[in-house]
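> Show me how the following folds:
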Amino acid sequence: MTYKEPLKAALPCGVRDLFLEDAARLSRLMATWRQLFESWAYAEIIPPTYEHYDVLMAGSDADFERRIFRVLDREGNILALRPDITTQVARIVGTNQPGPDGLLQGYRGRAESFTSPGGGAQGSY
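Numbers count the residues shown, from 1 in each chain. Here you go, the predicted model:
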């Protein structure tokens, strides 16, 4: 099958490209935050961008579910892009060996949340 539609240059609602000054500004900001958290002895956690849908939905409500992008993998499993990182951090902390007493943990990563067109909310943060 050949795709014959013209290429759409517009991005989906709620996402944007960062380049040049915007990308440099974000990189500097992230470096500053990383240095600050390291100076306070925080250990970094970077969860995956997507996970099994049922894992992300554990203990979540209908509002959380409405914000999730769902996709199928090649085996037919339902996966989801995280709309929030908190659930994943709870999973990581709850399923991994505990670190030293008093270990502080900071986390970072992108989250993708469904927004209605014209809703005013950024879909990727």
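> Can you show me the helices along this protein?
Taking DSSP state H as the criterion, the chain contains helices spanning 21-39, 53-57, 62-66, 86-95.
> tell me the most buried of the ones you listed?
helix 53-57 (a mean of 16; mean count of other CB atoms under 10 Å). From N, CA and C alone the C-beta is placed, and that goes for glycine too.
> on contacts alone, who are the packing partners of the lowest-mean-pLDDT helix or strand in the chain?
Lowest by mean pLDDT, DSSP states H and E among the helices and strands of the chain is strand 104-107, with a mean of 80. Contact analysis of strand 104-107 by 3 or more CB pairs under 8 Å, 6 or more residues apart in numbering; DSSP states H and E lists strand 42-45, helix 86-95 as its packing neighbours.
> Just tell me which of those ends up closest to residue 64.
helix 86-95 (8.3 Å; CB to CB).
> re earlier: run me through the strand neighbours of the least confident helix or strand of the chain, direction for each.
Here strand 104-107 is paired, per DSSP bridges, with strand 42-45 (parallel).
> Name the residues of the strand it pairs with that come out as buried.
residue 45 (16 or more other CB atoms under 10 Å).
> Now find how far off-centre stretch 51-66 is within its chain.
13 Å (CA atoms, centre = their mean, to the nearest Å).
> That stretch: end-to-end distance?
The first residue of stretch 51-66 is 16 Å away from its last residue (CA to CA, to the nearest Å).
> Name the residues that touch that stretch?
Outside stretch 51-66, the residues that touch it by CB atoms under 8 Å, 6 or more residues apart in numbering are 68, 70, 77-80, 82-84, 87-88, 91, 114.
> Spatially central residue in this structure, please.
The centroid of the chain falls nearest to residue 111 when counting by CA atoms, centre = their mean (2.4 Å).
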